[in-house]
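Fold the following.
(2 chains)
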Amino acid sequence: MNNTKRKTRTGRRSGVGTGTTSLLMIFTVLCFATLAMLSLSTASSSQRIQAEGLLNAKAVAAAKGEAAVQVAKLDTDLALLQEYYTLEYEKEIAAVTPQITSEGGGLPEADVPEPVAPDCVPEALMDYDNAALEAAERLGWEVTGSYQVALSLPVDESTELLTELELQGLGATRRYEVARQITRLVDGWTPSEDGQLWGGGAP
Amino acid sequence: MKKRYRNTAFLVELLVNILVFSISCAILVGLFGKAGQIARDTHAENFAGAEAQSLIEIVKARGVQGLEDADAQPDGSLLFYYDEDWQPASGADAAYTIRLVVRDEATVAGVLSHLSAVAESRDGAEVFSIATASYQPASAGGDAL
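Numbers count the residues shown, from 1 in each chain, chains lettered A, B, ... in the order given. This next block holds a predicted model:
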């Protein structure tokens, strides 16, 4: 009698009865399914974020390319203006030099490196500055300071590329200097309510 | 009689479980494979983007002369070869290529360069592409951009 009871208990303790294998199988499949879904969602999220970053890099590169084209156009205009106003400047010098040499006690022309009378010389220089700013405005640049011009180009719906140039005068060794080139959020842009908290990112 | 019935039911259940488990595993292995493929594609896009941008920045800074290991093509473009891990490789072992096209346009005051880079896999599928321009003024011009 005791032996019969012991056998029955052992049989129950082994646990491999009808339904047990089903439960084990369901548990294992659910574990695998969870792992697979986690793996898939992680890979998809990573790809989406990566694609967004690369798209942004492409957009910034395209905007920088367009900025370079616009700078090339402006520099071409500045070079032509510089050529024209340098001739004007030399004409003014030629006209003023005899006056200065006579007022200066008969100095030979070779000793007068540049005219110093402020009321005679700056006309061509000022004309050049005005013409340079007008040329910039004509090409779509915004005048932001006395010699500073800026160009904003859209990168995407939330970001723009700002390029600022410092125009140099007629007598300077260079025609312009790049003050800065940055990406910034478009004025008045706010994050949408679908959870996106970033605005595109800077290069 | 009852014991035999129990054994048969257990065996049937086991067989059904094995069948369901096999089908589920086949589906899940497919999902794992898909996740792995997405991860590999992302990795390739990431490296292609980084390499293409790097090549363009080198050309902007030092010109085409700054590029080493470039395979010049008859159409004027430059080809760069990479293996599966995006390490420089020879043409025969290449899993990916980047084609760099530099087109210089002389202006009155300098040189405007149009740059484009296209990364492709071995089967010709485009992985990444980027295009930009840079401006190099003449000596008395200004800053390069």
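
residues touching the closest residue to B:Ser90 other than its chain neighbours, list them.
In this structure, B:Ser90 finds its nearest non-sequential neighbour in B:Tyr81, 6.2 Å apart by CB to CB, 6 or more residues apart in numbering or on different chains. Just so you know, the C-beta spots here come from the backbone N, C-alpha and C atoms, and that holds for glycine as well. Applying CB atoms under 8 Å, 6 or more residues apart in numbering or on different chains to B:Tyr81 gives the contacts B:71, B:88-91, B:93-94, B:96-97.

just the buried members of the residues you listed?
For the contacts of B:Tyr81, a burial check counting by 16 or more other CB atoms under 10 Å in any protein chain shown picks out B:89, B:94, B:96-97.

and which of the contacts of B:Tyr81 is nearest to chain A?
When these are compared for distance to chain A (CB to the nearest CB), B:Tyr96 wins out at 15.1 Å.

low pLDDT regions in chain B?
Residue ranges of chain B with pLDDT under 70: B:1-3, B:139-141.

before we move on, the earlier item: okay, the buried ones among the contacts of B:Tyr81 in TSV with distance to A:Tyr85 next?
Below are the buried ones among the contacts of B:Tyr81 laid out as TSV (distance: CB to CB, whole Å):
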residue	distance to A:Tyr85
B:Ala89	56
B:Ala94	55
B:Tyr96	53
B:Thr97	50
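
from those residues, which single one is nearest A:Leu87?
B:Thr97 (52.2 Å; CB to CB).

For the closest one, what is the enclosing helix or strand?
strand B:96-106 (DSSP states H and E).

Show the residue spans covered by the helices in the chain.
I'll assume chain A. In chain A, the helices defined using DSSP state H lie at A:2-13, A:20-103, A:122-138.

That was the other one, I meant chain B.
Using DSSP H, helices in chain B cover B:2-62.

wouldn't A:Ala79 be in contact with B:Val108 here?
Yes - between A:Ala79 and B:Val108 a contact is recorded at 5.4 Å, counting by CB atoms under 8 Å.

Neighbours of B:Ala92, how many?
The criterion is other CB atoms under 10 Å in any protein chain shown. On that basis, B:Ala92 has 6 neighbouring residues.

go on, the one 10 residues further on?
In terms of burial, B:Val102 registers 19 neighbours under the definition other CB under 10 Å.

count of neighbours near B:Val12?
When neighbours are counted by other CB under 10 Å, B:Val12 comes out with 11.

Chain A versus that one, what's the distance?
Going from B:Val12 to chain A by CB to the nearest CB, to the nearest Å gives 9 Å.

which residues does that residue contact?
Residues near B:Val12 by CB under 8 Å, 6+ apart: none.

any low-confidence regions in chain A?
A:1-18, A:92-122, A:192-203.

what's stretch A:146-163 in contact with?
Contacts to stretch A:146-163, defined as CB under 8 Å, 6+ apart, come from residues A:56, A:59-60, A:63-64, A:66-67, A:70-71, A:74, A:129, A:133, A:136-137, A:140-144, A:164-169, A:178-186, A:189, A:199-201, B:145.

Just the buried ones from those residues?
A:56, A:59-60, A:63-64, A:66-67, A:70-71, A:74, A:129, A:133, A:136, A:141, A:164-168, A:179, A:181, A:183-184, A:199-200, B:145.

just to revisit the earlier point, dump the buried ones among the contacts of B:Tyr81 into TSV; add distance to chain A as well.
Listed next are the buried ones among the contacts of B:Tyr81 as TSV, based on distance: CB to the nearest CB, whole Å:
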residue	distance to chain A
B:Ala89	23
B:Ala94	21
B:Tyr96	15
B:Thr97	18
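
Go ahead and confirm B:Ser129 touches B:Ser116.
Yes - at 7.1 Å, B:Ser129 counts as touching B:Ser116 under the criterion of CB under 8 Å.

returning to what we had before: what about A:Ala79 and B:Val108, which has more around it?
Between A:Ala79 and B:Val108, A:Ala79 has the larger neighbour count (other CB under 10 Å), namely 19 against 13.

what sits against the more buried one?
So A:Ala79 contacts A:175, B:108-109, B:138, B:141 (CB under 8 Å, 6+ apart).

These: which two are farthest apart?
Using CB to CB, the contacts of A:Ala79 span at most 11.5 Å, a distance reached by A:Arg175 and B:Val108.

what separates the spatially most central residue of chain B from chain A, distance-wise?
In chain B, the C-alpha nearest the mean C-alpha coordinate belongs to B:Ala44, at 3.3 Å (CA atoms, centre = their mean). Distance, B:Ala44 to chain A, by CB to the nearest CB: 10 Å.

Name the nearest residue to that residue, sequence neighbours excluded.
B:Val127 (5.5 Å).

these two touch, right, the one you found and B:Ala117?
No - because the distance of 10.9 Å does not satisfy CB under 8 Å, B:Val127 is recorded as not touching B:Ala117.

Tell me which of these two has more neighbours.
Shown here are B:Val127 and B:Ala117; by other CB under 10 Å, B:Ala117 has more neighbours (27 against 20).

Appreciated, that's everything.
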